[in-house]
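In: I would like the atomic coordinates for the input below:
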Amino acid sequence: MWVHPIILQRACKGQFTSLYADLYEHPAKFYNYCDMSITTFDRLLAELRPGLDFMDTNMRRSVSAEERLIITLRFLAKENSFSSLHFEFRMGTSTIAGIVRATCPTIWLRLRAAVLPQPTRQQWLQIAQGFMERAQFPNYIGALDGKHIRVKKPPNSGSQFYNYKQFFSIVLLALADTNYRFIIVDIEAYGSSADARIFRASRMGWWLQPNQLDIPQPAPLPGSSGPPAPYVIVGDEGFALSSNLMRPFRR
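Out: Below you'll find the model as predicted:
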């Protein structure tokens, strides 16, 4: 059959058609459904709409930007599978997968400059001031660590994604400020790789060596008349010591 009878009823029985307008009238329920307030949703939709609007054709009407974003949020925030979204929204599983895989890069491309801009020297100094006030650690500009994100084993990948915690993953390497916000992220390494190796191969590691990150020049420590000390990132024992990366004494 060209279209399954269940999917044919999307326009009248699909979850977006039957629920979206009602949710919009009840902010608390909308938040529970999307993990996002109506105001935030509308702002996000306005930013993404140019990349989510598609033309209707003689064969079928396109899926609206609102529905594309709702589907993606249900997948990301509520961890609904493509199969469950297929029944909820009465769309083909491959259509659901295509929507999510197209919307996620759109979110990154259109929001990257606003959400994760490359820090300026003045911003590094502000971050250092925050760490000094909260942790009494001078010339400290970021906390570095890796986080294993669980994934299903990709086909024909052997043990590349298998980590020391004994599950398959990719690694989110992140530098965070004193408010736990990401400053720089790298998301592509195999779970089997060590944090230090990932850092050396990441753009963050490349940029740090010739100081393409515009890190401030060394400055004297508070209350000290000694030589200027560099501004540093702090990591755990898994990282190698360098002029801009501090780590604790082993054990």
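
In: switch to C-alpha atoms for all contacts and neighbour counts from now on
Out: Will do.

In: Please name every helix or strand in contact with the host helix or strand of residue 123.
Out: Following DSSP states H and E, one finds residue 123 within helix 121-135. Helix 121-135 sits against strand 140-150, with contacts defined as 3 or more C-alpha pairs under 8 Å, 6 or more residues apart in numbering; DSSP states H and E.

In: Tell me the helix or strand right after the strand it packs on.
Out: The C-terminal neighbour of strand 140-150 among helices and strands, as given by DSSP H and E, is strand 169-176.

In: Parallel or antiparallel, which strands does that next one pair with?
Out: Strand 169-176 pairs in its sheet with strand 140-150 (antiparallel), strand 182-190 (antiparallel), by DSSP bridges.

In: Let me know the angle separating that strand from helix 121-135.
Out: 90 degrees (axes from the mean of the first three to the mean of the last three C-alpha atoms, to 10 degrees).

In: Can you show me the CA trace of strand 169-176 as CSV?
Out: What follows is strand 169-176, C-alpha atoms only, in CSV (Å, rounded to 0.1, in the frame of the first residue of the first chain):
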residue,chain,number,x,y,z
SER,A,169,29.7,5.2,24.2
ILE,A,170,30.9,8.3,22.5
VAL,A,171,32.7,10.9,24.6
LEU,A,172,31.5,14.5,25.4
LEU,A,173,34.7,16.4,26.3
ALA,A,174,33.7,19.7,27.9
LEU,A,175,35.2,22.8,29.4
ALA,A,176,32.8,24.4,32.0
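
In: about what we covered before: quick one: which of the strands paired with strand 169-176 is nearest residue 167?
Out: Closest approach to residue 167 among the strands paired with strand 169-176 (C-alpha to C-alpha): strand 140-150, 7.0 Å.

In: any idea of the mean pLDDT for that closest one?
Out: Mean pLDDT, computed over strand 140-150, is 94.

In: which residues touch that strand?
Out: Contacts to strand 140-150, defined as C-alpha atoms under 8 Å, 6 or more residues apart in numbering, come from residues 124-125, 127-128, 131-132, 167-178, 183, 191, 195, 231-236.

In: residue contacts, the nearest residue to residue 9 once chain neighbours are set aside?
Out: The shortest distance from residue 9 to any non-neighbouring residue, by C-alpha to C-alpha, 6 or more residues apart in numbering, is to residue 90 (7.2 Å). Shown in contact with residue 90 (C-alpha under 8 Å, 6+ apart): 6, 7, 8, 9, 10, 13, 14, 15.

In: Distance check, the fourth one against residue 88.
Out: The reference is to residue 9. Counting by C-alpha to C-alpha, to the nearest Å, the gap between residue 9 and residue 88 amounts to 11 Å.

In: Please identify the most buried of the strands paired with strand 169-176.
Out: strand 140-150 (a mean of 21; mean count of other C-alpha atoms under 10 Å).

In: Export it to PDB, keeping only CA atoms.
Out: Extracted in PDB, the C-alpha atoms of strand 140-150 (Å, rounded to 0.1, in the frame of the first residue of the first chain):
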ATOM      1  CA  TYR A 140      41.500  29.500  36.900                       C
ATOM      2  CA  ILE A 141      39.500  29.700  33.600                       C
ATOM      3  CA  GLY A 142      37.700  26.300  33.300                       C
ATOM      4  CA  ALA A 143      37.100  22.800  34.500                       C
ATOM      5  CA  LEU A 144      37.800  20.100  31.900                       C
ATOM      6  CA  ASP A 145      36.500  16.500  31.900                       C
ATOM      7  CA  GLY A 146      35.000  13.800  29.600                       C
ATOM      8  CA  LYS A 147      31.500  12.300  29.900                       C
ATOM      9  CA  HIS A 148      30.600   8.900  28.300                       C
ATOM     10  CA  ILE A 149      27.300   9.100  26.500                       C
ATOM     11  CA  ARG A 150      25.800   5.600  26.100                       C
END
